[in-house]
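Colleague: Output the structure for:
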Amino acid sequence: NAEGMINMDDYSFFREQKEMFIPKTPVAALKAYETDFVPISVFINKSNSTKPLDEEPYDIEEIERLLSRENLGLQTNIILVGIFEKLIFSEDQEIALFAAESINIIENRYNKQIQDLKDDLEEKEDIDKYSELGTLYFELAILNRKRESIKNFYMRESYTAYNEVKKRRKMTDEELNQVIRILLELRKNQVASDLLDREHETRDVFYLKHKAEIEFSKKEFVKVKAICFELLDFIDELKESEYTMITYWMGA
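Modeller: Numbering: from 1, shown residues only. Reported below is the predicted structural model:
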């Protein structure tokens with residue numbers, strides 16, 4: 001499902017904190033944010049909070065201040081949407097309305113970027129803009145992971161955009177990663193497998209990780225274990241989270 005997909009994609013700052021630089025002061029956090037090293041939420045938490053932003057009871061003023069910033073990253077938007085999805089059910093009607101409007105604000109920001117890209121593409125074809133379009137739709141799908149029909153709609157739109165890239169050039173590993181996730185989410189497991197074989201023929205870490213995930217989705221557990229044994233040859237290249245997932249697959 002989409003929740004599982006988020007844990008496996010490239011937007012995994014909070015999951016991989018142990019492997020990344022974690023600023024210890026507000027000044028360091030601000031510098032890290034300004035250089036795109038950490039999400040803005042890290043700076044917010046270091047600067048103003050004695051507890052994480054998404055810990056209840058929520059600091060509404062802090063959430064409003066963060067929401068006022070445009071161009072927030074996906075991880076920050078995931079946190080915010082998660083908070084708002086809970087606040088929608090608040091007995092305080094003003095807070096519930098604020099939560100609903102805030103979700104719309106985040107989605108409208110995405111929709112504006114999408115429309116701007118579409119307008120640009122009408123004027124001039126640009127392969128990279130198709131890729132950007134695919135990413136934006138993909139992120140919108142993740143943000144709507146609790147609304148199945150909407151999520152799947154955005155997944156299909158993302159796939160359509162990436163398909164335009166595939167028609168014009170070989171996809172990058174990052175693009176291929178997202179397309180595979182889309183196909184798995186839409187339960188098109190064999191299509192994902194065939195695409196991986198066509199677009200990434202080398203049996204390296206990237207290929208083996210994705211092949212194992214696809215076979216796991218197909219419930220081909222014997223094949224999964226065999227692939228995981230191959231992956232152990234690349235153990236030095238695996239992140240801690242990836243090694244944990246592999247050991248889980250091997251025991252499935």
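Colleague: Tell me which stretches of the stretch 51-200 of the chain form helices.
Modeller: In the stretch 51-200 of the chain, the segments counted as helices under DSSP state H, counting those that start in this stretch are 60-67, 74-87, 93-123, 127-143, 148-168, 173-185, 189-199.
Colleague: Switch these over to TSV; also include mean pLDDT and mean neighbour count.
Modeller: (Glycine included, C-beta is placed from N, CA and C.) Putting those into TSV (pLDDT from 0 to 100; neighbours: other C-beta atoms under 10 Å) gives the following:
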stretch	mean pLDDT	mean neighbour count
helix 60-67	89	15
helix 74-87	92	20
helix 93-123	95	14
helix 127-143	96	21
helix 148-168	95	17
helix 173-185	94	22
helix 189-199	94	17
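Colleague: So for residue 52, which of those helices sits nearest?
Modeller: helix 74-87 (8.7 Å; C-beta to C-beta).
Colleague: Hmm, residue 171 is touching residue 164, no?
Modeller: No. Using C-beta atoms under 8 Å, residue 171 makes no contact with residue 164, being 10.9 Å away.
Colleague: so can I have a markdown table of the helices of the stretch 51-200 of the chain showing distance to residue 226?
Modeller: A markdown table is the format used below for the helices of the stretch 51-200 of the chain (distance: least, C-beta to C-beta, whole Å):
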| stretch | distance to residue 226 |
| --- | --- |
| helix 60-67 | 46 |
| helix 74-87 | 34 |
| helix 93-123 | 40 |
| helix 127-143 | 30 |
| helix 148-168 | 29 |
| helix 173-185 | 19 |
| helix 189-199 | 15 |
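Colleague: The ones you listed: which one's closest to residue 223?
Modeller: So among the helices of the stretch 51-200 of the chain, helix 189-199 is nearest, using C-beta to C-beta, at 10.4 Å.
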